[in-house]
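Peer 1: 3D model of this:
(3 chains)
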Amino acid sequence: MGLKSRMTLVLVFLGFVLCILIERSGLLSAYILQISMYVGINIILTLSLNLVNGYMGEFSVGHAGFMAIGAYVSSIITVRVFHNQMGPFVFPLAVIVAGIVTAATSFVVAFPSFRTRGDYLAIVTLAFNMIVKSVLENIDALGGPRGFMGMGRLTNLVNVYAWCLVTIFVVRNLVYSNFGRAVLSIREDEVASNLVSVNTRQMKIMVFLIAAFFAGVAGALFAHVMQFINPRSFAIQKSTDILVMVYLGGIGSIFGSVLGATVYTVLLELLRPLGVWRWVVGPIMLVILMICRPTGIMGLKELTGLIPREERVLGKKEETDVVTASN
Amino acid sequence: MSLLQIEGLTHFFGGLKAVSDFNLELSAGEVVGLIGPNGAGKTTVFNLITGVYKPSAGHIRFEGQELVGLQSCQIISMGIARTFQTIRLFRDLTVLDNVRLGHFAQARYGIRDALMRSGKFRDEEKRIRDKGMELLEAFNLARYAHTQAKALPYGEQRRLEIARALSSNPRLLLLDEPAAGMNPREIDELLERIAWLKDEFDLTIFLIEHQMRVVMGICEHITVLDFGETIAVGAPREIQTNPRVLEAYLGKEVS
Amino acid sequence: MIIILMQQMLNGLQLGSVYALIALGYTMVYGILRLINFAHGDIFMISCYFGFFAAIAFLSNAIPTWLTFIATMMVSMLLTALVAVLIERVAYKPLRLAPRVSAVITALGIGLFLENFTLATLGPTPRGMPALLPNVNYRLGALSLSSVQILIIIISIVLMILLDRVVQKTMTGMAMRAVSYDKATASVMGVPVDRIISTTFAIGSAVAGAGGVLYSLAYPIINPYMGVRIGWWAFIAAVIGGIGNVRGAMLGAYILAFVEVFTPMVLPSSTYRDFVAFTVLLIVLVVRPTGLMGRVTAQKV
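Peer 2: Predicted structure coming up:
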């Protein structure tokens, strides 16, 4: 193990210690703690959607639908199956199961939608989002439109942080591999990709499943911060939020997603004193950003620290701390 | 035994017959040309071979195996590679990534290896990278390895396309108008390169070309298409004097 | 039973007409720019407010009601078109060469902006559209038929036929089709691409503006969020019909309106209508990925 990777481990460990300290000490107000958890959950959502929309160049717009499945599945597990007993022990398992169930559901969407290209996926995922919401509204056992409650506050900063790391780890290792190159080539030119031996259909389904898994995880975490969910929390507007975070931070960039999710979440909080006007100012800033920098803040660039050493481009570009992400 | 065998290949676009009853046999080590005026259906033949379109009728066998019904990626993995009439590189990816992509089907590690960065992953990635660099070196592109493909000059992009095609270790290479947009000097270079390719990589080459100079200089056999119909087959010299070909295609240029 | 069915058919026809007028805007912009203009639903909402204020301003005893109605229509159509062209010029045009999704995200942003700007300036209280026309109920046997209903259906159909003629028969329409087919070539052939794109936005939004006034006559409650749901439905209608295809959008709109009207008759609650509508959409897309009337374009290799 090299010095560099040992450093990384130390940093990760320090992060955990910090999270525990913050939570135990009560140093930060409950409000800031809550926002920090939102930031973490949004990072997971943004990064997973970036995999599909940014790296692969598809246009999925129904991420909140997947989130909803994860949220409801995990809540059923903790509330209905385990009646809030052994919560802290069951919870990690509930999150994973929520992710798996969500991924399995996404297969139903992925399978027919990757036959053709273009805006097809956008419309199918949109429809999926609406259908999930509509179905949830009509299942009385899950509270229908009134929502589902009774979850304990099982999400804490530590497990949000852990899941963020897992997401970053998976996305980074996937992107800088044979599979990642294939995913990027689909974005560049799908037909050509197929014609250099990439099984594009299989790749697309795989990426979509991974993204859905993490959306489900994020949903589960979300449900156990809020302790109350209703179908409206997962309407298309929520999907739009996630989309905005992806394109704000920059497509095809891990650091971009972290940045996008953080900036968006924190900015909306900071603008809170503006009242209704914050939703006027926010969109204007988004539009201006899109016009000045259509590829988002990071725009296809990656933080050097996130690129595996052997993939970094040597030379003067290294000094600028940022290199093209598509290596 | 023949490497590629095409029988009665027919394809319709809507009601339009793009290729009609096309037959061809390629033996290993040959260089064969496919010529014909614009819109004669040449590229369609390539698209049918590589599974981009599914033929309305006919058979395509590669080393005795039926290709019709297979997906493009499967066909490429079997040992066929192609270039495109208009350059279709992965423009935002680096030159090295472009050639590494051809190894996709040969990488022998799974998703778990990639996520866990296992030893197998490292070994395979190193092998793929080395082979990619080797290929770039052979094509005189190594110094561009980390440049985005779109930043290359036109001639280099064309070269990279061929290098990328070779990265999947093909036995049969389909070249779609390799000389498009080239001046006479570049064409000479290209002809040399194709001859070199054929020996160096042990290839059989099937090429579409517009410019007679290229075809006559390099092909052992030529098939001529016009409106999807095969109007002549033979050695370059026979083709040059074939009256139907002259009428359909050469006539305008030669006379 | 038959009577209820007929009655609902009429309601569906009325609702479908309004959806169609909005769906046209989606489909025209998509056809020409390949842009899903997610702000269009909110442009429709804005047009309802324009209609509302125009109606308030014109409404007096001195002017005959039919004149007020026409003036309201005109003002709403004109102002809506103006707003849309302004949005196109300011927000979409700079992104014409950018990645396609950047424009879509911008459209989402513009939509949010319109909604919340309206909310911030005019408040969340719904406004009631004044009745511009005397609403006479005719009875056809057991069937009841209101004059507003007839008016909406007739005006919508006239507008649609007019638009279809414009696209199919006039020079502008021909230029639109040329630009939608290939911008670069159209430009080389002397088509003023920028002007045609603006014109498309103007026409699409003016039609939505007419839709806004007609809709407010039938369902006279105007609020800042009304564009969201109707916008999505109109978009789905455009997709079902084959986005980019003007006649398809009309067909899709009527299908969707019938779904909306008939769902509560078959299923226990009207909350199922989203479910049914989107299921219809998915079925259509699985069977015909380009929509009912969309043309299939072969990929070029």
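Peer 1: hey, let's count contacts and neighbours off CA atoms from now on
Peer 2: OK.
Peer 1: distance of the residue nearest to A:Pro294 when sequence neighbours are not counted from chain B?
Peer 2: For A:Pro294, ignoring the flanking residues on the chain, the nearest one in space by Cα to Cα, 6 or more residues apart in numbering or on different chains is C:Ser102 at 5.5 Å. To chain B, C:Ser102 is 17 Å away according to Cα to the nearest Cα, to the nearest Å.
Peer 1: for C:Ile283, same thing?
Peer 2: Counting by Cα to the nearest Cα, the gap from C:Ile283 to chain B is 24 Å.
Peer 1: kindly report the same for A:Leu121.
Peer 2: Distance, A:Leu121 to chain B, by Cα to the nearest Cα: 21 Å.
Peer 1: leaving out chain neighbours, which residue sits closest to that residue?
Peer 2: Nearest residue to A:Leu121 in three dimensions, chain neighbours excluded: A:Ser113, at 5.5 Å (Cα to Cα, 6+ apart).
Peer 1: give me the residues contacting stretch B:39-51.
Peer 2: Applying Cα atoms under 8 Å, 6 or more residues apart in numbering or on different chains, the contact partners of stretch B:39-51 are A:195, B:18-19, B:34-36, B:53-55, B:60, B:67-72, B:75-76, B:80, B:174, B:176, B:208, B:225-229, C:301.
Peer 1: next one: stretch C:219-230
Peer 2: C:19, C:41-45, C:48-49, C:115-116, C:118-119, C:124-130, C:216.
Peer 1: what do you get for stretch C:202-211?
Peer 2: For stretch C:202-211, the external contacting residues (Cα under 8 Å, 6+ apart) are C:18-19, C:21-22, C:24-26, C:28-29, C:40, C:43-44, C:47-48, C:73, C:76-78, C:80-82, C:84-85, C:156, C:159.
Peer 1: flag every residue of chain B that's near chain A.
Peer 2: B:50, B:52, B:72-77, B:81-82, B:88-94, B:97, B:101-105, B:107, B:111, B:114-117, B:125, B:146, B:164-165, B:168 (Cα under 8 Å from any Cα of the partner chain).
Peer 1: is it fair to say A:Ile291 lies in a helix?
Peer 2: Yes: if the criterion is DSSP: H, G, I helix; E, B strand; the rest coil, then A:Ile291 is within a helix.
Peer 1: ranges for the helices of the chain?
Peer 2: You didn't pick a chain, so chain A it is. Under the criterion DSSP state H, chain A contains helices at A:3-25, A:30-50, A:63-75, A:87-113, A:120-138, A:157-175, A:178-188, A:190-194, A:200-226, A:236-249, A:254-270, A:278-292.
Peer 1: the intended chain is chain C.
Peer 2: C:2-33, C:40-58, C:65-87, C:100-122, C:147-169, C:171-181, C:183-188, C:193-218, C:226-241, C:246-266, C:272-287.
Peer 1: now do the buried residues in the last one.
Peer 2: The reference is to helix C:272-287. Buried residues in helix C:272-287, counting neighbours by 16 or more other Cα atoms under 10 Å in any protein chain shown, are found at C:272-282, C:284-286.
Peer 1: report the angle between it and helix C:246-266.
Peer 2: With axes from the mean of the first three to the mean of the last three Cα atoms, to 10 degrees applied, the angle from helix C:272-287 to helix C:246-266 works out at 130 degrees.
Peer 1: and helix C:272-287, what does it pack onto?
Peer 2: Packed against helix C:272-287 by the contact rule (3 or more Cα pairs under 8 Å, 6 or more residues apart in numbering or on different chains; DSSP states H and E) you find helix A:120-138, helix C:226-241, helix C:246-266.
Peer 1: same thing but 10 Å
Peer 2: Under the contact criterion of 3 or more Cα pairs under 10 Å, 6 or more residues apart in numbering or on different chains; DSSP states H and E, helix C:272-287 touches helix A:87-113, helix A:120-138, helix C:226-241, helix C:246-266.
Peer 1: surely B:Glu177 meets B:Thr83?
Peer 2: Yes: contact criterion Cα atoms under 10 Å: B:Glu177 and B:Thr83 qualify, at 8.5 Å.
Peer 1: residues that sit against both of these two, list them.
Peer 2: Contact criterion Cα atoms under 10 Å, 6 or more residues apart in numbering or on different chains; residues shared by B:Glu177 and B:Thr83: B:Leu207.
Peer 1: between these two, who's got more neighbours?
Peer 2: B:Thr83 (27 against 21; other Cα atoms under 10 Å in any protein chain shown).
Peer 1: list the residues that contact the more buried one.
Peer 2: By Cα under 10 Å, 6+ apart, B:Thr83 lies in contact with A:192, A:195-196, B:46, B:89, B:158, B:160-166, B:173-178, B:207.
Peer 1: let's see it at 6 Å
Peer 2: Neighbour list for B:Thr83: B:Leu175, B:Asp176 [criterion: Cα atoms under 6 Å, 6 or more residues apart in numbering or on different chains].
Peer 1: in the stretch 1-150 of chain A, where is pLDDT below threshold?
Peer 2: Scanning the stretch 1-150 of chain A with the threshold set as pLDDT under 70 gives A:1-4, A:87, A:115-118.
Peer 1: kindly report the residues of it close to chain C.
Peer 2: By the rule Cα under 6 Å from any Cα of the partner chain, the part of the stretch 1-150 of chain A lying against chain C is A:Ala127, A:Ile131, A:Ser134.
Peer 1: need these in a markdown table with distance to C:Asn135 and neighbour count, can you?
Peer 2: Output for those, formatted as a markdown table (distance: Cα to Cα, whole Å; neighbours: other Cα atoms under 10 Å in any protein chain shown):
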| residue | distance to C:Asn135 | neighbour count |
| --- | --- | --- |
| A:Ala127 | 37 | 26 |
| A:Ile131 | 37 | 21 |
| A:Ser134 | 35 | 23 |
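Peer 1: ok, now which ones touch the residue in the stretch 51-200 of chain A that chain B sits nearest to?
Peer 2: Using Cα to the nearest Cα, the closest approach of the stretch 51-200 of chain A to chain B is made by A:Ser197 at 4.1 Å. Counting by Cα under 6 Å, 6+ apart, A:Ser197 makes contact with B:Cys73, B:Ile76, B:Ser77, B:Ala105.
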